[in-house]
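Asks: Attaching a predicted model along with its sequence, questions to come.
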Amino acid sequence: TNKKYKNKGDDVPVGGMGFFDCVNDQGAADMLLDVARHWLLQRGMQAMDGPINFGERDRWWGVEVEGFQPPLYGMNFNLPYYKDLLEHYGFRPFFNQVCFGMHLKVPLSAKIHERARPYQEDPAFTARPIEKNKLEKYAADFATVYNAAWAGHGGLKELKKEQVVLMFKTMKPVMDERIIWFVYHHEKPAAIFVNLPDLNQWFRHLHGKFGLLQKLKFLWVKATKKCTKATGLVFGIIPEFQGKGLDAFLIAETGKVIQHIEYQEYEMQWIGDFNPKMINVAKNIADNTFVSRKLTTYRYLFDRTKEFKPHPIL
């Protein structure tokens, strides 16, 4: 159990089960899930979400139900029968996690350029990429935007600058400065767009190991093999500018760079279907945007007579 795990609208204490790995056998799945359910019951929980992890939602969250292409780093991958194992046990979809993809060499939509133009013509707004030699400054800017845009929504927690500094330093060896962008209004942070190379294109050459030799091999692979896919991790706009076209400005300015370098494909981290505003932004980035995969976070109510409520819309 995680005392900090709580979703908007929860009216019972909810625990979680994660890293669920099972052959295609309902009896075996039931045994595993029974153990998790009984363990949570003993600790006062009245519902079980899964598969989820022990931390934030950005990694190892949900079961894949559509797509089944090579996974992004930190994203669950499973065979199609996992959905049936969970649903036959009694789990129901709490929310769906939608990933969008696009081909980067196709121009952005006319709508994006039209909505971005007022900001491009206004000198009060500037967009710039991250600089590795100023990580503390950008960590503070990231925390400002993230906490205003996301903290408290959908179970996401507030981030301190120190946490972001540590996160950025961890990311630094694989960070591509050209694809992490910030927007400022009168030099105050207003929007963030954090992307990384698809790390699994490099990590797959290490065969699941990351010792000293593998770290050296990773540096060689990274230097000699171009990554062809970029992945979106975080996109956020402070409330003051949400729904006013600043998202289009950020996308258009990032696109001026990312569409003209080595990346051929782009895939965003999942967006919960409880966030229709962000789903709409993702759909309208380009005329060729498509749903690349879907995952589902399931919920099982221990009181089988209780009304099931999906995640409320933000």
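Replies: Here it is on my side, so go on. Nothing here was measured: the structure is a model prediction, and the numbers come from that model.
Asks: Surely residue 291 and residue 96 touch.
Replies: No: using C-beta atoms under 8 Å, residue 291 makes no contact with residue 96, being 10.4 Å away. Any C-beta I mention is one placed from the backbone N, CA and C, and that applies to glycine too.
Asks: More neighbours: the two, which one.
Replies: Of the pair residue 291 and residue 96, residue 96 is the one with more neighbours under other C-beta atoms under 10 Å, namely 19 against 14.
Asks: how much space is there between the more buried one and residue 80?
Replies: Per C-beta to C-beta, to the nearest Å, residue 96 is found 16 Å from residue 80.
Asks: for the stretch 1-150 of the chain, what spans make up the helices?
Replies: 26-42, 81-89, 110-120, 135-149 (DSSP state H, counting those that start in this stretch).
Asks: most packed of those helices?
Replies: Mean neighbour count (mean count of other C-beta atoms under 10 Å) peaks for helix 135-149 among the helices of the stretch 1-150 of the chain, with a mean of 20.
Asks: neighbouring contacts of it?
Replies: 130-131, 158-161, 163-165, 167-169, 172, 182, 184, 189-192, 194, 234, 236-239, 242 (C-beta atoms under 8 Å, 6 or more residues apart in numbering).
Asks: residues near the nearest residue to residue 114 once chain neighbours are set aside, how many?
Replies: Once flanking residues are discounted, residue 114 sits nearest to residue 248: 7.8 Å by C-beta to C-beta, 6 or more residues apart in numbering. A count of neighbours around residue 248, defined by other C-beta under 10 Å, yields 24.
Asks: do the same with the one 3 residues further on
Replies: Residue neighbour count, defined by other C-beta under 10 Å, stands at 26 for residue 251.
Asks: Could you do residue 282 as well?
Replies: 23.
Asks: Which stretches in the chain count as strands?
Replies: 14-16, 47-50, 63-66, 92-103, 125-129, 180-185, 188-197, 229-237, 265-268, 271-272, 290-301 (DSSP state E).
Asks: could those go into CSV alongside distance to residue 208 and mean pLDDT?
Replies: Below are the strands of the chain laid out as CSV (distance: least, C-beta to C-beta, whole Å; pLDDT from 0 to 100):
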stretch, distance to residue 208, mean pLDDT
strand 14-16, 25, 95
strand 47-50, 24, 96
strand 63-66, 19, 97
strand 92-103, 23, 96
strand 125-129, 32, 98
strand 180-185, 28, 98
strand 188-197, 19, 96
strand 229-237, 20, 92
strand 265-268, 22, 94
strand 271-272, 29, 92
strand 290-301, 22, 96
